[in-house]
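[1] Predicted model follows, preceded by the sequence.
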Amino acid sequence: MRINPLPVMLALMVVSVFPGFAQEVQKKASRSEGMNAALSKVQPEYHPIAEQLKIQGIVELEAVVAPSGEVEKVNILSGSPVLTKPSVEALKKWTFKPFTVDGKAVTAEVPVSFSFKL
């Protein structure tokens, strides 16, 4: 089986021309570091179906925070699917003080959890 080298070459060109395109996480923040760096926090809304079905629990997420302090991606670690959707939407609206390494703003992963109780 022969592999076409064109897609591989194009991918390498994109990464070299746009270095932020393949930006990797440069810092893993602790939960307390993340909470202390959070400038604005939006709480998730309890989804009506979750309320009606009396679904409760904790949603564990991981925010990928850009050097600017904006959440650029959210990874779901655990939680009921009915509760994770509003949690992800809320976390995407958070802003953080930039995380730094050696005085330079870097991309960081920040653990965040939301508790849903009726």
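    Now that the structure is in, tell me what you want to look at. Computed from a predicted structure; not experimentally measured.
[2] which element follows the helix-or-strand element of the chain with minimal mean pLDDT toward the C-terminus?
    Across the helices and strands of the chain, mean confidence by mean pLDDT, DSSP states H and E is lowest for helix 5-17: a mean of 46. Next helix or strand after helix 5-17 toward the C-terminus (DSSP states H and E): strand 27-28.
[3] Go ahead and name everything in contact with that following strand.
    Residues from elsewhere that reach strand 27-28, judged by CB atoms under 8 Å, 6 or more residues apart in numbering: 99, 101, 106-109. Where C-beta positions appear, they are placed from N, C-alpha and C, glycine not excepted.
[4] Can you tell me which of those residues end up in strands?
    99, 101, 106, 108-109 (DSSP state E).
[5] hmm, which of those are the buried ones?
    The neighbour count (16 or more other CB atoms under 10 Å) marks 99, 106, 108-109 as buried among those.
[6] Serialize these to TSV and add fields for distance to residue 90 and pLDDT.
    Output for these, formatted as TSV (distance: CB to CB, whole Å; pLDDT from 0 to 100):
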residue	distance to residue 90	pLDDT
99	20	96
106	24	97
108	19	97
109	18	97
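[7] List just the nearest of those to residue 62.
    Using CB to CB, residue 109 comes nearest to residue 62 of these, at 5.4 Å.
[8] Bridged to the closest one, which residues?
    Counting by DSSP bridges, residue 109 is bridged to residue 28, residue 64.
[9] What separation do you get for it and residue 65?
    8 Å (CB to CB, to the nearest Å).
[10] Make sure residue 61 is actually in contact with residue 75.
    Yes - with contacts counted by CB atoms under 8 Å, residue 61 reaches residue 75, the gap being 6.7 Å.
[11] What's the end-to-end length of stretch 87-95?
    For stretch 87-95, the first-to-last residue distance is 15 Å (CA to CA, to the nearest Å).
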